[in-house]
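> I would like to see how this sequence folds:
(one chain, ligands or ions: 1)
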Amino acid sequence: MTDTQNPFALDGRVAVVTGGTRGLGEGFAKALGAAGASVMLLGRDQDRGATVAEALTGEGVDTAYLPVDVTHPDDVTRALDETLERFGRCDILVNNAGACVHAPALDVTPEDWRQVMNVNLDAVWTCSQTFGRHFVQERAGTIINIGSMSGLIVNRPQWQPAYNASKAAVHHLTRSLAAEWGEFGVRVNALAPGYIKTDMSPVDEPRFRQNWIEDAPLRRYGTVEELAPAVVFLASDASSFITGSVLVADGGYTAF
Ligand code: NDP
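The predicted structure follows:
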């Protein structure tokens, strides 16, 4: 099924990408499709979902979009069921959907805190458990959680305490699930990106630009296109002996 000459090939595999409607998730879906996978896109924005699905289909990728709010456990169960119904199998889950509230700690409201934790941590847990149960039954499957450099360090002056805490928790949840499910042939890894220009990252604000450009060894932001191959790597047999890892892709920012 998979091209044995190319361990990065995903032919015959089915990937589910949460938050596949824009930003990094859209880029990850494209790259997984280009590597040969069929792709199920999840997200709430139906217009964007349809647009991305149409673009991928135009590129020859077997794709479907399903309107899903990952904070609703019933939606997540439906996402697994419909993936199996539509594609006949499910091999890869990319927990990419995310939310951020930029505010100093004393200004964070209970609603801000809950919203960030609901999307970034609780939903990652719900999706991982739902799809992980299937992967454990199948004795195969891989989960990629999109963490952040903000789960490794606190990046001043970008005050976002809930986001930072949620991403640190995602990294450790990754290790916990990898430890439990490795014996069943299920791998769980995280990718910790640095700044990539999307709706979420205010990279054009001068204070972020200055802070980042001066301190990142590569002296620039990353792009979706150079991050996506890392997801393909973690999804593919090229990383078959890697589980419980947090792969940092941040231009070297957190290295010193
Ligand atoms: P965007 O804001 O551009 O996209 C967020 C995505 O998450 C959208 O597709 C959105 O889909 C989806 N989403 C949000 N809430 C929900 C929900 N309740 N249910 C389903 N989908 C949801 O962000 P990015 O692309 O920048 O971020 C993607 C991931 O990468 C996040 O986890 C983020 O924390 C992480 N990251 C990003 C970095 C960056 O610099 N951009 C750096 C480090 C990590 P919809 O609106 O259709 O629901």
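> Tell me the confidence at the residue located most distally from the centre of the chain?
Within the chain, the residue lying farthest from the chain centre (Cα atoms, centre = their mean) is Leu106, at 29.0 Å. You'll see Leu106 listed with a pLDDT of 97.
> tell me the SS of it?
helix (DSSP: H, G, I helix; E, B strand; the rest coil).
> tell me the contacts of it?
For Leu106, no residue meets the contact criterion (Cβ atoms under 8 Å, 6 or more residues apart in numbering). C-beta coordinates here come from the backbone N, C-alpha and C atoms, glycine included.
> for Asn155, same thing?
149, 211, 253.
> just Arg13 next, same as before
By Cβ under 8 Å, 6+ apart, the contact set of Arg13 is 2, 36-38, 89, 91-92, 235.
> now do Thr126
70-71, 73, 76.
> Most neighbours among the residues you listed, which one?
Most neighbours among the contacts of Thr126, by other Cβ atoms under 10 Å: Val70, with 25 neighbours.
> So which residues on this structure come close to the ligand?
Where proximity means Cβ under 6 Å from any ligand atom, the interface of the chain facing the ligand comprises 18-19, 21-25, 43-45, 48, 68-71, 96-99, 119, 146, 148, 193, 195-196, 198-201.
> Please spell out the PyMOL selection for the buried subset of those.
Buried subset of the residues of the chain next to the ligand, written as a PyMOL selection, criterion 16 or more other Cβ atoms under 10 Å:
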select buried, resi 18+19+21+22+23+24+25+43+44+48+68+69+70+71+96+97+98+99+119+146+148+193+195+196+198+200+201
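> In strands, which of the contacts of Asn155 appear?
When the contacts of Asn155 are checked against strands (DSSP state E), there are no matches.
> So which of those is the closest to the ligand?
Nearest to the ligand out of those is Met149 (Cβ to the nearest ligand atom; 6.3 Å).
> That closest one: neighbour count?
20.
> just Ser240 next, same as before
Going by other Cβ under 10 Å, the residues that sit close to Ser240 add up to 11.
> for this structure, longest helix please?
Ranked by residue count, the top helix of the chain under DSSP state H comes out as helix 161-181.
> Show me which of the contacts of Thr126 is closest to Asn189.
Val70 (19.0 Å; Cβ to Cβ).
> Distance check, that closest one against Gly194.
24 Å (Cβ to Cβ, to the nearest Å).
> Could you do Phe256 as well?
Taken as Cβ to Cβ, the span from Phe256 to Gly194 is 13 Å.
> before we move on, what about Val124?
Relative to Gly194, Val124 is positioned 20 Å away (Cβ to Cβ).
> re earlier: with pLDDT, neighbour count and secondary structure added, can I get the contacts of Arg13 in JSON lines?
Putting those into JSON lines (pLDDT from 0 to 100; neighbours: other Cβ atoms under 10 Å; DSSP: H, G, I helix; E, B strand; the rest coil) gives the following:
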{"residue": "Thr2", "pLDDT": "50", "neighbour count": "15", "secondary structure": "coil"}
{"residue": "Gly36", "pLDDT": "98", "neighbour count": "21", "secondary structure": "coil"}
{"residue": "Ala37", "pLDDT": "98", "neighbour count": "28", "secondary structure": "coil"}
{"residue": "Ser38", "pLDDT": "99", "neighbour count": "26", "secondary structure": "strand"}
{"residue": "Arg89", "pLDDT": "98", "neighbour count": "14", "secondary structure": "coil"}
{"residue": "Asp91", "pLDDT": "99", "neighbour count": "22", "secondary structure": "coil"}
{"residue": "Ile92", "pLDDT": "99", "neighbour count": "26", "secondary structure": "strand"}
{"residue": "Ala235", "pLDDT": "99", "neighbour count": "27", "secondary structure": "helix"}
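> Between helix 161-181 and the biggest strand by length in the chain, find me the angle.
Ranked by number of residues, the top strand in the chain under DSSP E is strand 186-193. Strand 186-193 runs at 150 degrees relative to helix 161-181, counting by axes from the mean of the first three to the mean of the last three Cα atoms, to 10 degrees.
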